[in-house]
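*Asks:* Model the structure of this input:
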Amino acid sequence: MLIGKPGAARTAIAAASSDRVTVRGRDLAQDLMGRATFTEYVFLLATGRAPTEEQRFFLDLSLVALAEHGLTPSVQAARMTYDADPAALQGAIAAGVLGCGTVILGAADLCRKVIEDVLSRVDACGVLDVAALDVAREHRERRMPLPGYGHPLHKPVDPRAERMIALARERGVAGRSVEAALALTKAAAATWGKPLPMNVSMTIATTLRDVEIPPGLIRAVPILARTAGLIAHCIEEAETPIGFLMASKGEEAILHAADADGAA
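*Replies:* Numbering: from 1, shown residues only. All right, here's what the predicted structure looks like:
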């Protein structure tokens, strides 16, 4: 039984035969292996074309910026899962990837949508600062966080975000998206009454958008990047296990309801 609307029965990504693997119309062994970097290969896989130099640079920059950020919840999940079954590395990595969401790690796509909202309003009203302020106020009035602004650790600035903006300007690719993000930074401070640092999710969305990285790839970059970090943590977990220790410390830190009732 077919569920959902049928699509065309075809794929343009890859095909394999007894003596050849073809990827996006290119011979894997002869045209890509030893010639393309992994970042270039990812772009080719996702889009069907080779990246420009700036697309390769900022995609690579984004992957480096997000691959690692310490003992985050997704990392803890991966390390604890690895300890539960050291033979199933894939399960531990999957557990960590499943812990990536809009609150932790996965906000780049939300940031892209916010930037596009600002820019659509600029096209209507013609004034960037007004459009940015309207977007910030609407989020505040609805009691919604403004994607890409604020960070529990990095204050008053996110060093990764600062570096990405600096490189975009240095390389001459900081365009409408970056300018919209900078305008939102001022609008957020005015609306919330305090500085809200632009975080790395926003700079990933804006720099990639300004070099015309497709939306689907912007959304996927954080997952691809953090997978590398999760692999590193699982390798370390095999050598220096701390997963069960983190679990025990977590249990110690939480007051159980029965204990709370007794104390009362």
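*Asks:* what ranges do the helices span in the stretch 101-250 of the chain?
*Replies:* For the stretch 101-250 of the chain, the helices defined by DSSP state H, counting those that start in this stretch occupy 108-125, 128-141, 159-170, 176-192, 200-210, 215-239, 243-253.
*Asks:* Give me whichever of those is most buried.
*Replies:* Mean neighbours per residue, mean count of other Cβ atoms under 10 Å, is largest over these for helix 200-210, with a mean of 28. Where you see a C-beta, it was placed from the backbone N, CA and C, and this is true even at glycine.
*Asks:* nearest to residue 68, of the helices of the stretch 101-250 of the chain?
*Replies:* helix 215-239 (4.1 Å; Cβ to Cβ).
*Asks:* So what angle separates the directions of that closest one and helix 243-253?
*Replies:* Interaxial angle, helix 215-239 versus helix 243-253 (axes from the mean of the first three to the mean of the last three Cα atoms, to 10 degrees): 100 degrees.
*Asks:* Tell me the helices and strands packed up against helix 215-239.
*Replies:* Judged by 3 or more Cβ pairs under 8 Å, 6 or more residues apart in numbering; DSSP states H and E, helix 215-239 is in contact with helix 38-47, helix 53-66, helix 73-84, helix 89-98, helix 108-125, helix 200-210.
*Asks:* Please convert those to JSON lines, extending it with distance to residue 148 and mean pLDDT.
*Replies:* Shown next, in JSON lines, are the helices and strands packed on helix 215-239 (distance: least, Cβ to Cβ, whole Å; pLDDT from 0 to 100):
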{"stretch": "helix 38-47", "distance to residue 148": "23", "mean pLDDT": "97"}
{"stretch": "helix 53-66", "distance to residue 148": "14", "mean pLDDT": "97"}
{"stretch": "helix 73-84", "distance to residue 148": "19", "mean pLDDT": "95"}
{"stretch": "helix 89-98", "distance to residue 148": "22", "mean pLDDT": "96"}
{"stretch": "helix 108-125", "distance to residue 148": "4", "mean pLDDT": "94"}
{"stretch": "helix 200-210", "distance to residue 148": "3", "mean pLDDT": "97"}
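*Asks:* So for residue 138, which of those sits nearest?
*Replies:* Nearest of the helices and strands packed on helix 215-239 (Cβ to Cβ): helix 108-125, 9.0 Å.
*Asks:* Can you give the distance from that closest one to the centre of its chain?
*Replies:* Relative to its chain's centre, helix 108-125 lies at 18 Å (Cα atoms, centre = their mean, to the nearest Å).
*Asks:* again with stretch 25-40
*Replies:* With Cα atoms, centre = their mean, you get 25 Å for stretch 25-40.
*Asks:* And for stretch 171-188?
*Replies:* The chain centre lies 18 Å from the centre of stretch 171-188; the measure is Cα atoms, centre = their mean.
*Asks:* Over to stretch 99-106?
*Replies:* Stretch 99-106 has its C-alpha centroid displaced from the chain centroid by 8 Å (Cα atoms, centre = their mean).
*Asks:* repeat for stretch 103-122
*Replies:* Relative to its parent chain, stretch 103-122 has a centroid offset of 12 Å by Cα atoms, centre = their mean.
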